[in-house]
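**Student:** okay, sequence plus prediction incoming.
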Protein chains: 2
Amino acid sequence: MEPLLLDRLLQITDLFQRDMARAFEGSGLTTARVHLLWVLTHNGPSTQQSLAVACGVSPRNITGLVDGLEASGHVRRTPHPTDRRAVLVELTESATTMMRRMQQEHVELNDTLIAAIAPADRAAVERGLNSLIEKLTALVDDAQTPERRS
Amino acid sequence: MEPLLLDRLLQITDLFQRDMARAFEGSGLTTARVHLLWVLTHNGPSTQQSLAVACGVSPRNITGLVDGLEASGHVRRTPHPTDRRAVLVELTESATTMMRRMQQEHVELNDTLIAAIAPADRAAVERGLNSLIEKLTALVDDAQTPERRS
DNA sequence: TATTGTTATACTCTATAACTATA
DNA sequence: TATAGTTATAGAGTATAACAATA
């Protein structure tokens, strides 16, 4: 009984989640908080509204995540220069350093994974994953868009 | 700037999670509860201890998940025939029917995804995913096992 | 003495709704 | 009037520790 392609992909999903959880444990960080740190790394100082959009969660949730990251010294809230309602969330120096290291480990893991694939198969795997992403994106969007509000 | 292989895999992970959450919404089911239902589908009536091991969560957590699934009519607690400490959790008839349908949809999604990959690439993608699973499993285990308790 | 499940407690992620301060 | 963020409230998933009943 060959496992289905779908089962293999789900297994990879599970392995990633466990690998990430393991990498964070002890640091007080969680998947949701690290996600926010990645967004800040890529986008620079951001308002909580924009973080909510980027993370795909409610603004209220961002308040909680930023509270936690502020308490652990990873981010800092600073006043928005022109809008006194808003705050800018930015990485602290130590968090910036940490994210640089994480980004490096990310690239190293990528290299390790590519090295695990037979050279002759690599191009096909890349094409295949791209096709899967395209198909999955279409499926998710299809399910989202046509909410027949008749 | 080509995205990394790792980023593609993470994107697929994200798409799966969104697709599953979408599929369950409105049904009152969640990822954790559906996972438990899958375990029951595959293993048959089980004690909460064995469910805890199979789901990789604490026994206490299983109590909560089973409480919820019992309230929604998906599972039933029955006395263990020989061990009066334990209970056997089993699917109700309606949940069994639902899981059969879910299993069918699972196979259909698998077919859809395979169809999205160019036929010439399919074998290479399968091999590549197997290699990735092997490598990732080794990485996760390596990080787990040698907790140098010196 | 060890195991099964539950009660007690706590933390994180998540959401919606109401409210405050500003635009 | 609309927007940015917070307080209030709620529910799910997760954990550990203490306890009951049973092995």
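**Tutor:** Alright, I've got the coordinates.

**Student:** count the residues that sit near A:V66.
**Tutor:** Each residue near A:V66 was counted by other CB atoms under 10 Å in any protein chain shown, and the total is 21. Placement of C-beta: from N, CA and C, glycine included.

**Student:** again, but for A:Q104
**Tutor:** A:Q104 has 10 neighbouring residues, counting by other CB under 10 Å.

**Student:** and it, what element?
**Tutor:** Take DSSP states H and E as the rule and A:Q104 turns out to sit in helix A:93-116.

**Student:** helices or strands up against that helix?
**Tutor:** Packed against helix A:93-116, as judged by 3 or more CB pairs under 8 Å, 6 or more residues apart in numbering or on different chains; DSSP states H and E, are the following elements: helix A:31-43, helix B:5-24, helix B:119-144.

**Student:** right, is the shortest one up against DNA strand D?
**Tutor:** It stands for helix A:31-43. No. Against DNA strand D, helix A:31-43 shows no contacts by CB under 7 Å from any atom of the strand, the least distance being 11.5 Å.

**Student:** can that helix be found next to DNA strand C?
**Tutor:** Yes. Helix A:31-43 reaches DNA strand C (CB under 7 Å from any atom of the strand) through A:31-33.

**Student:** neighbour-wise, which one of these leads?
**Tutor:** Counting neighbours by other CB under 10 Å, the top entry in the residues of helix A:31-43 next to DNA strand C is A:R33, with 20 neighbours.

**Student:** which one of the residues of helix A:31-43 next to DNA strand C is nearest to DNA strand C?
**Tutor:** Using CB to the nearest atom of the strand, A:A32 is the member of the residues of helix A:31-43 next to DNA strand C that sits closest to DNA strand C, with 3.5 Å.

**Student:** now do the contacts for that closest one.
**Tutor:** The contact partners of A:A32, by CB atoms under 8 Å, 6 or more residues apart in numbering or on different chains, come to A:55, A:57, A:65.

**Student:** which strand or helix spans the last one?
**Tutor:** I take that to be A:L65. Under the criterion DSSP H and E, the helix or strand holding A:L65 is helix A:59-71.

**Student:** per-residue confidence for the residue nearest the centre of chain A?
**Tutor:** Central residue check for chain A by CA atoms, centre = their mean: the C-alpha nearest the mean position is that of A:H35, 4.2 Å away. At A:H35, the model reports a pLDDT of 97.

**Student:** again, but for the one 4 residues further on
**Tutor:** In this prediction, A:V39 carries a pLDDT score of 98.

**Student:** contact partners for it?
**Tutor:** If you count contacts by CB under 8 Å, 6+ apart, A:V39 has them with A:46, A:51, A:54-55.

**Student:** excluding chain neighbours, what is closest to A:S58?
**Tutor:** If the residues on either side of it in the chain are set aside, A:S58 comes closest to A:A52, at 6.3 Å by CB to CB, 6 or more residues apart in numbering or on different chains.

**Student:** actually A:T41, sorry about that
**Tutor:** Of all residues not flanking A:T41 in the chain, A:M99 sits nearest, at 4.7 Å (CB to CB, 6+ apart).

**Student:** what about the one you found, how many residues close to it?
**Tutor:** If you count neighbours by other CB under 10 Å, A:M99 ends up with 19.

**Student:** got the contact list for it?
**Tutor:** A:37-38, A:41, A:91.

**Student:** close to DNA strand D, is stretch A:12-20?
**Tutor:** No. Looking at stretch A:12-20 against DNA strand D by CB under 7 Å from any atom of the strand, there are no contacts, and the closest approach is 9.9 Å.

**Student:** and A:L9, what does it touch?
**Tutor:** Taking CB under 8 Å, 6+ apart as the definition of contact, the neighbours of A:L9 are A:132, B:12, B:16, B:113, B:129.

**Student:** okay if I get these as CSV plus pLDDT and neighbour count?
**Tutor:** Listed next are those as CSV, based on pLDDT from 0 to 100; neighbours: other CB atoms under 10 Å in any protein chain shown:
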residue, pLDDT, neighbour count
A:L132, 97, 23
B:I12, 95, 21
B:F16, 93, 18
B:L113, 97, 20
B:L129, 98, 22
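
**Student:** which two in these are spaced the farthest apart?
**Tutor:** Longest distance between any two of the contacts of A:L9 is 13.8 Å, between B:F16 and B:L129; criterion CB to CB.

**Student:** quick one: end-to-end distance for stretch A:77-88.
**Tutor:** The first and last residues of stretch A:77-88 sit 6 Å apart, counting by CA to CA, to the nearest Å.

**Student:** buried residues, it. List them.
**Tutor:** Within stretch A:77-88, the residues scored as buried using 16 or more other CB atoms under 10 Å in any protein chain shown are A:87-88.
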